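Novice: Got a predicted model here, sequence first, then my questions.
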Amino acid sequence: MKVYVTVWFKDFRRRDLASELVGGGFDGFELSLDYPICGRVKLDEMPQIRDLMKSGLEAGVHLPWREIYLASPVDEVRKTSLNIVLKCFKESRVLEPKYAVLHVVTDQAVCSDGIEECITASTKSIEVLAEVADELGVPLYVETTRNFCCGGLEQAVSYIEHKVGLCFDIPHAIERYSRLRKTPLSLRDILWDAPPRSLKAIGCVHLHGYVLSGYYVIESHVEPSKELLEEYVEVIRNGVIRPKYTVLESFYSAESKKFVRFDKLRWCVDELKKNRDWDR
């Protein structure tokens, strides 16, 4: 298992981004392809990207997700979203990414009545993207999301039949299932009831701290707590899931709420690396 960290375009304001990542002990970074990246800014024209690659770090990519609806039953919306994602996916080959992460969602209210229509739309998008991933030689992971429609481990069973794996986002799952069951749940609670086929397909995990109030995650993307890290380490050491990548998606300090320096996450990286030999 390798340990990555999420990087998005706002991180390029950091003066010593590459030094922070190397100092944090990370194996690589997962680049979020938010606009303007792949829009008015080309990946191969960004000096910050060249600096990261020269530092010896590996790369993964998070394909566009803001205002992207790959599960929309409105086919014009789905196809437009798909074309944007395809363009970015192909452009990202300059990074030689080890994997790519994908959101498959829609905001359509019909999902509360007939989820099958949205699952069908999701599958159409995934089939096309899986073919491109195969051509590029890049593993594709569909991420679990907060969305009731199309974002759960139970729906993911339909996706993994199409040569994709899963990216399990812990706070996303905590909120989704806490809201569905109307009781606060832990990581262990969720994994205990998850379909075994979905658990086996998890190749990537997004790990970040969160604050649960009632059934809702009201704060996330902060530095993980020691309690959450211990719970996660126990899960992977017991072989409940066996991800190839754990990605720290932590942008903010748990105490100050300001941007956290990535080298300050070294304690978390070291703990994960110390416990990553389950696959040997």
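Specialist: Here it is on my side, so go on. Only a predicted model underlies this, so the values are computations on that prediction, with no experimental measurement involved. Numbers count the residues shown, from 1 in each chain.
Novice: mind checking the end-to-end distance for stretch 155-172?
Specialist: 15 Å (Cα to Cα, to the nearest Å).
Novice: list the buried ones in stretch 85-98?
Specialist: Using 16 or more other Cβ atoms under 10 Å as the test for burial, stretch 85-98 gives 85, 88-89, 91-92, 94-95, 97-98. Heads up, the C-betas are built off the backbone N, CA and C, glycines and all.
Novice: residues in contact with the helix ranked longest in the chain?
Specialist: For the chain, the longest helix by residue count, based on DSSP state H, is helix 115-136. Defining contact as Cβ atoms under 8 Å, 6 or more residues apart in numbering, one finds that helix 115-136 is touched by 70-73, 75, 78, 81-82, 85-86, 89-90, 93, 100, 102, 104, 106, 108, 110-111, 139-140, 142, 149-150, 155, 158-159, 162-164.
Novice: now that helix: mean pLDDT?
Specialist: Helix 115-136 shows an average pLDDT of 94 in the prediction.
Novice: Which of the contacts of helix 115-136 fall in strands?
Specialist: 100, 102, 140, 142 (DSSP state E).
Novice: I'd like those laid out as CSV, including pLDDT and neighbour count.
Specialist: Formatted as CSV, the ones in strands among the contacts of helix 115-136 follow (pLDDT from 0 to 100; neighbours: other Cβ atoms under 10 Å):
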residue, pLDDT, neighbour count
100, 98, 27
102, 95, 25
140, 98, 25
142, 97, 28
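Novice: circling back: using ChimeraX, make a named selection holding only the buried ones among the contacts of helix 115-136.
Specialist: A single ChimeraX command selects the buried members of these (16+ other Cβ under 10 Å):
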select :70,71,72,73,78,81,82,85,89,100,102,104,106,108,111,139,140,142,149,150,155,159,162,164
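Novice: those helices in the stretch 1-150 of the chain, which residues are they?
Specialist: According to DSSP state H, counting those that start in this stretch, the stretch 1-150 of the chain carries its helices in the segments 17-23, 47-54, 75-91, 115-136.
Novice: Which of the ones you listed sits closest to residue 268?
Specialist: Across the helices of the stretch 1-150 of the chain, residue 268 has its closest neighbour in helix 17-23 (13.2 Å, Cβ to Cβ).
Novice: which parts of that closest one are buried?
Specialist: 17-18, 20-22.
Novice: Repeat that for stretch 31-41.
Specialist: 31-34, 37-38.
Novice: Report the helix or strand with the lowest average pLDDT across this structure.
Specialist: Ranked by mean pLDDT, DSSP states H and E, the weakest helix or strand in the chain is strand 216-222, scoring a mean of 81.
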